[in-house]
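K.L.:
can you look at this prediction? I've put the sequence above it.
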Protein chains: 2
Amino acid sequence: VNISSKLLENAVEALASMPGIGKKTALRLALHLLQSDQEDVEAMSNALIDMRKNIKFCKTCHNISDDVICNVCASPKRDQTTVCVVESIREAMAIENTQHFNGSYHVLGGIISPIEGIGPNDLNIESLVSRVKDGKVKELIMALSPTIEGDTTIYYITKQLKDYEVNISTIARGVAFGGDLEYADELTLGRSIVSRIPYKND
Amino acid sequence: VNISSKLLENAVEALASMPGIGKKTALRLALHLLQSDQEDVEAMSNALIDMRKNIKFCKTCHNISDDVICNVCASPKRDQTTVCVVESIREAMAIENTQHFNGSYHVLGGIISPIEGIGPNDLNIESLVSRVKDGKVKELIMALSPTIEGDTTIYYITKQLKDYEVNISTIARGVAFGGDLEYADELTLGRSIVSRIPYKND
């Protein structure tokens, strides 16, 4: 794209640095901002800086928070004995949106991946062990990706906790609800047969 | 989407105020910025504010410019006697990218649209008439949308210029290159037959 203004060029480049935003989309967004009120552009930009600068991470679960302890960890309405272990903030949000979970979370900040050079010490595993050590956690639900990295992480955490009395479970794996069996991958399909569930005729 | 931080919420809302950015995409972008260096987030935000605050519009053609007169209007390599009239900056860029035009531009800043309450006085038509009056423009190429509004705008401008010696043309209209005739709309197809071009067997 041939752009005749250095200022526009810089703005396009800045916008295109975000994932999933190509040069064309960035240009469309920049031209939109150019036609917006200056105040609105400043408000938007400041909201981004403000978030990056001032957001906190919960001391207990490492999820994002405006306070030292997040809403979920601070809530007496949530079951603090059941902790759902997730890779990142995104998964915690996705699970929260299902409205099927009333426990609390623990955000690892990644999963163990030797290829990407991420080891156990790069993750929030020590603080998870501390939470269990404190004796208030009865169950850990491992909600990690069903990949080798996810399984390695679950295995590692389980080993760290072998001396403590805590139930560890993983989220159910199998064919997706509403999905066509024809399109399920062979590994998933094979494993769903092996780990079949007795049918209850209520 | 249930978000547990007011700061994140504000950032998502700000990003989602841009066209084509939904709540889900905005959240993805905000979480990306949250994991970026603070300096990078500030650099991006400042690039947007800087653009909005400091960009200038060329006094001659009203295109964006870092100076009083834009690169195209200031260039001795461009044919300043041929002026391509466009609705907005975007179309000027698109034509510039074709590399098939070596003249200069005139950005109207919209087209006449009674429905949207846009009249001739809301557009950069007076300055176009002045450019023609000055006697340096030999041809105006009307590169406006082939719609009623575009045609109305061309008609209005042509009337304003009836006392001056200037050739007025419109960009060619017809079926798109490489397009399948089957999918061309009836109006375009009908008009392409009426305004057929003699075939040259070179």
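P.N.:
Everything's here; your move.

K.L.:
which ones are touching A:Leu34?
P.N.:
A:8, B:51-52, B:55, B:64, B:89 (CB atoms under 8 Å, 6 or more residues apart in numbering or on different chains). Placement of C-beta: from N, CA and C, glycine included.

K.L.:
may I ask which helix or strand of chain A has the lowest mean pLDDT?
P.N.:
Every helix and strand of chain A was ranked by mean pLDDT, DSSP states H and E. The lowest is helix A:186-194, at a mean of 81.

K.L.:
buried stuff in that one?
P.N.:
Under the neighbour-count criterion of 16 or more other CB atoms under 10 Å in any protein chain shown, helix A:186-194 has A:Ser192 buried.

K.L.:
which residue ranges of chain A form helices?
P.N.:
Counting by DSSP state H, chain A has helices at residues A:6-16, A:23-35, A:38-54, A:71-74, A:89-98, A:126-133, A:148-160, A:186-194.

K.L.:
distance from the chain centre to the fifth one, please.
P.N.:
Translated: helix A:89-98. 7 Å (CA atoms, centre = their mean, to the nearest Å).

K.L.:
one more: the last one?
P.N.:
Between the centre of helix A:186-194 and the centre of its host chain there is 26 Å, according to CA atoms, centre = their mean.

K.L.:
who touches it?
P.N.:
By CB under 8 Å, 6+ apart, the list of residues contacting helix A:186-194 reads A:173-175, A:181, A:184.

K.L.:
quick revisit: kindly reformat the contacts of A:Leu34 as a markdown table containing pLDDT, neighbour count and distance to A:Val129.
P.N.:
Shown next, in a markdown table, are these (pLDDT from 0 to 100; neighbours: other CB atoms under 10 Å in any protein chain shown; distance: CB to CB, whole Å):
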| residue | pLDDT | neighbour count | distance to A:Val129 |
| --- | --- | --- | --- |
| A:Leu8 | 94 | 23 | 51 |
| B:Met51 | 95 | 23 | 49 |
| B:Arg52 | 95 | 23 | 49 |
| B:Ile55 | 92 | 17 | 54 |
| B:Ile64 | 92 | 22 | 57 |
| B:Ile89 | 91 | 23 | 57 |
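
K.L.:
looking at those residues, spot the one nearest A:Leu108.
P.N.:
B:Met51 (38.5 Å; CB to CB).

K.L.:
how about the contacts made by the closest one?
P.N.:
So B:Met51 contacts A:7-8, A:10-11, A:30, A:33-34 (CB under 8 Å, 6+ apart).

K.L.:
repeat that for 7 Å
P.N.:
By CB atoms under 7 Å, 6 or more residues apart in numbering or on different chains, the contact list for B:Met51 reads A:7-8, A:10-11, A:30, A:34.

K.L.:
what's the neighbour count on the nearest residue to A:Asp79 once chain neighbours are set aside?
P.N.:
Closest residue to A:Asp79 apart from its sequence neighbours, by CB to CB, 6 or more residues apart in numbering or on different chains: A:Gly103 at 4.6 Å. By other CB atoms under 10 Å in any protein chain shown, the residues close to A:Gly103 number 18.

K.L.:
would you confirm that A:Gly103 contacts A:Val85?
P.N.:
No - contact between A:Gly103 and A:Val85 fails when scored by CB atoms under 7 Å: they sit 10.6 Å apart.

K.L.:
quick check: A:Gly119 vs A:Val85, distance?
P.N.:
17 Å (CB to CB, to the nearest Å).

K.L.:
so between those two, which is more surrounded?
P.N.:
Of the pair A:Gly119 and A:Val85, A:Val85 is the one with more neighbours under other CB under 10 Å, namely 24 against 13.

K.L.:
just the CA coordinates of stretch A:160-178, formatted as PDB?
P.N.:
Coordinates of each C-alpha in stretch A:160-178 appear next as PDB, following Å, rounded to 0.1, in the frame of the first residue of the first chain:
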ATOM      1  CA  GLN A 160       4.400 -32.200  42.800                       C
ATOM      2  CA  LEU A 161       1.100 -32.900  44.700                       C
ATOM      3  CA  LYS A 162       1.600 -36.600  45.500                       C
ATOM      4  CA  ASP A 163       2.100 -35.900  49.200                       C
ATOM      5  CA  TYR A 164      -1.100 -33.900  49.600                       C
ATOM      6  CA  GLU A 165      -4.700 -35.000  49.900                       C
ATOM      7  CA  VAL A 166      -6.300 -33.500  46.900                       C
ATOM      8  CA  ASN A 167      -8.500 -35.000  44.100                       C
ATOM      9  CA  ILE A 168      -7.300 -34.200  40.600                       C
ATOM     10  CA  SER A 169      -9.500 -34.500  37.600                       C
ATOM     11  CA  THR A 170      -9.300 -33.500  34.000                       C
ATOM     12  CA  ILE A 171     -12.100 -32.000  31.900                       C
ATOM     13  CA  ALA A 172     -14.000 -34.600  29.800                       C
ATOM     14  CA  ARG A 173     -12.500 -35.400  26.400                       C
ATOM     15  CA  GLY A 174     -14.400 -36.800  23.500                       C
ATOM     16  CA  VAL A 175     -16.400 -35.900  20.400                       C
ATOM     17  CA  ALA A 176     -17.900 -32.400  20.600                       C
ATOM     18  CA  PHE A 177     -21.500 -31.800  21.300                       C
ATOM     19  CA  GLY A 178     -23.500 -31.300  18.100                       C
END
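
K.L.:
buried sites along it?
P.N.:
A:161, A:166, A:175.

K.L.:
how about the contacts made by the second one?
P.N.:
In other words, A:Val166. A:132, A:137-140.

K.L.:
compare these and tell me which is most surrounded.
P.N.:
A:Leu140 leads the contacts of A:Val166 on contacts (other CB under 10 Å) with 24 neighbours.

K.L.:
perfect, I'm done here.
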